[in-house]
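Visitor: Any chance you could fold what I've pasted below:
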Amino acid sequence: MDPTSRIRGIKSSLLKGKKIVLGITGSVSAEETVKLSRELIRHGAEVYPVMSQESLRIITKTSLQFAAGREPITEISGLTEHVILEDECDLMLIAPCSANTISKIAHGIGDTPVTLFALTFLGSKPILIAPAMSESMWRNPVILENIGKLRSLGVRVLDPKIEEGKAKLQDNETIVANTIAMLNDFLKNKRVLVIGGGSEEPIDDVRVITNRSTGRTSIEIARVFFYHGGDVTLLLGRSEILPPPYIRTMRFSTVEDLVSRIDYMRDFDLIIVPGALSDFTVKKVEGKIKSDKELKIDLIPSPKFLEELRKEYRGDLIAFKAEFDDERIIEEARKMISKYSLRFVVGNNLSQVRENETSIMIIGREKIKRFSGSKFDAAMEILRSYVRPDV
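Guide: I've put the predicted structure just below:
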């Protein structure tokens, strides 16, 4: 009986058919590898645990056998497991990776199962390292030099979380996301900017004009493009959910704030704008307007962000259009494609949008593709239409 069969692929199929060697070294963070193994499996992966003797002082073989559904390798036998699995597997992940292990790999020392596997994979298969150690050790110039050497050899090394004087193991979500990205990297070296969430136009220092955007669509788009190797930045306005910790995120407030950053946006290869940007702003009043009398607000048209962006930006551009009528969405989208030289427009019928579900139309110059489902799956459809133009 396989204890992983019930959870395999329940989150996604992004690691389906992928075989991953999970190297575990002597750090207290080794106790996190049970959850890490299960999370990789939830995305479809087959996990092969390889443990150093030091890691066995912290976590048992039995725990990893349950987590991965197979016996961990704790010593190299005459079967030359490191050679066989280097041929069969797609990636080696070392998490947690101690300073000792980093230094041994950097100097070609393969005296533990984990370091021997790493030296076998190095130069032939991708390696991802998630370090864990004390902060002083992480900042030691010798360790930094060894990390730099590994990076120069093509190893991806995740920076740890610096907390409480420790360089802690990155969270499992970040480790898994980077694993997915390394194995689905057809957007590698492509700089992607996603502009999402709602704008907030201030009435005074307390009140704003905004909208009901949750920011979820833009976050899912950023997630999907990161999963496929993109160098993703999320420029996020008002949102009801937090972005993933592994996505580089900046905040904006008003449409004018966005326009002021256009010069920063010039060097991106692709900009996607699902943001719910206000069509109107107001003349802000300093302080707080008193509420003891009737108030009239004059709405002033906001700058047209896409128009201002296209004056300076020459890369690929994908925009969104939200209305309550499909025919109007299609008509307006086609105008936008011509006016702003868009790859395509994603149309949202607002009457069909739910918290986690959506219905979209991907509208090109001639063709239209329709999709209904989760916002994550909708983001996957947008990615597919970008990579393999079909509208």
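Visitor: going forward, measure contacts and count neighbours with C-alpha atoms only.
Guide: Will do.
Visitor: Need phi/psi at the closest residue to A276 other than its chain neighbours.
Guide: Counting by C-alpha to C-alpha, 6 or more residues apart in numbering, A276 lies nearest to G198, which is 4.7 Å off, once chain neighbours are set aside. The phi and psi values for G198, taken as degrees, to the nearest 10, are phi -100, psi 150.
Visitor: contacting residues around G198?
Guide: If you count contacts by C-alpha atoms under 8 Å, 6 or more residues apart in numbering, G198 has them with 210-215, 236-239, 275-278.
Visitor: Regarding I360, what is its secondary structure?
Guide: Using DSSP: H, G, I helix; E, B strand; the rest coil, the three-state assignment for I360 comes out as strand.
Visitor: Show me what it is bridged to.
Guide: Taking DSSP bridges as the rule, I360 bridges to N348, F371.
Visitor: What about it, how many residues nearby?
Guide: 27 (other C-alpha atoms under 10 Å).
Visitor: For it, give its distance to S338.
Guide: From I360 across to S338, the span is 20 Å (C-alpha to C-alpha, to the nearest Å).
Visitor: related to what we said a few turns ago, go through the contacts of G198 and say which is closest to G165.
Guide: Distance to G165 across the contacts of G198 (C-alpha to C-alpha) is lowest for L236, with 30.7 Å.
Visitor: What residues does that closest one make contact with?
Guide: Taking C-alpha under 8 Å, 6+ apart as the contact definition, L236 lies against I195, G196, G197, G198, G215, T249, M250, R251, F252.
Visitor: hey, what's the second one bridged with?
Guide: Read it as G196. Bridge pairing for G196 - DSSP bridges - gives L236.
Visitor: was I right about it contacting A276?
Guide: Yes - G196 lies in contact with A276 (C-alpha atoms under 8 Å); the separation is 6.8 Å.
Visitor: Comparing the two, which shows the higher neighbour count?
Guide: Counting neighbours by other C-alpha under 10 Å for G196 and for A276 shows that G196 has the greater number, 29 against 25.
Visitor: if we can go back for a sec, of the contacts of G198, closest to L36?
Guide: Closest to L36, out of all of the contacts of G198 and judged by C-alpha to C-alpha, is G215, at 27.4 Å.
Visitor: what about the closest residue to the closest one other than its chain neighbours, how many neighbours?
Guide: Leaving aside its chain neighbours, G215 sits nearest to G197 (4.0 Å; criterion: C-alpha to C-alpha, 6+ apart). By the measure other C-alpha under 10 Å, the count of residues near G197 is 31.
Visitor: is it true that G197 touches A276?
Guide: Yes - here G197 reaches A276: they are 6.0 Å apart, a contact under C-alpha under 8 Å.
Visitor: Quick check: neighbours shared by the two?
Guide: Between them, G197 and A276 share the contacting residues S213, judged by C-alpha under 8 Å, 6+ apart.
Visitor: M137 in helix, strand or coil?
Guide: With three-state DSSP as the basis, the three-state label of M137 is helix.
Visitor: mind listing the strands for the stretch 1-150 of the chain?
Guide: For the stretch 1-150 of the chain, strands defined by DSSP state E, counting those that start in this stretch occupy the ranges 19-24, 46-51, 91-97, 127-131, 133-134.
Visitor: Buried residues in the fourth one, which are they?
Guide: Applying a neighbour-count criterion of 16 or more other C-alpha atoms under 10 Å, one finds I127, L128, I129, A130, P131 buried in strand 127-131.
Visitor: can you check the second one too?
Guide: Judged by neighbour count using 16+ other C-alpha under 10 Å, the buried positions of strand 46-51 are E46, V47, Y48, P49, V50, M51.
Visitor: Surely the first one touches L14?
Guide: Pointing back at E46 there. No - between E46 and L14 there is no contact under C-alpha under 8 Å: 12.0 Å.
Visitor: That concludes my questions; thank you for your assistance.
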